[in-house]
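S.K.: Sequence plus the predicted model coming up.
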Amino acid sequence: MKYKIEKNVPLPSNGVRSVNSELWQILQRMEVGDSIKVELNKAAEVYRAAKFFGKKFKTLDLKDGSPRPRRVWRTS
């Protein structure tokens with residue numbers, strides 16, 4: 001595949017996460033010991049938010065029958 005630099009291509013707003021997303025707002029408000037349940041595909045976003053906010057989270061896959069959920073705890 002050949003690559004070509006393109007100029008003035010607008011960045012799409014869908015699929016781009018920011019501190020204004022609902023998940024990031026929830027993660028920012030969580031206190032130590034709080035937890036939430038997220039979809040597996042949101043795990044990377046949790047890690048990005050943790051780094052951005054300077055907080056620590058622990059995640060664990062759940063086996064409760066739902067399609068690959070993950071629980072996230074705020075640890076510090």
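M.R.: Sure thing, it's come through. Residues are numbered from 1 along each chain as shown.
S.K.: Need the contact partners of the helix ranked longest in the chain.
M.R.: Secondary structure assigned by DSSP state H gives helix 43-53 as the longest helix of the chain. Residues from elsewhere that reach helix 43-53, judged by Cβ atoms under 8 Å, 6 or more residues apart in numbering: 17, 19, 21, 23-24, 27-28, 38, 55-57, 59, 70, 72. C-beta coordinates here come from the backbone N, C-alpha and C atoms, glycine included.
S.K.: now with 7 Å?
M.R.: Applying Cβ atoms under 7 Å, 6 or more residues apart in numbering, the contact partners of helix 43-53 are R17, L23, W24, L27, Q28, V38, K56, F57, T59, R70, V72.
S.K.: Which members of the residues you listed are positioned in helices?
M.R.: By the criterion of DSSP H, membership of those in helices covers L23, W24, L27, Q28.
S.K.: residues contacting the first one?
M.R.: The contact partners of L23, by Cβ under 7 Å, 6+ apart, come to K42, E45.
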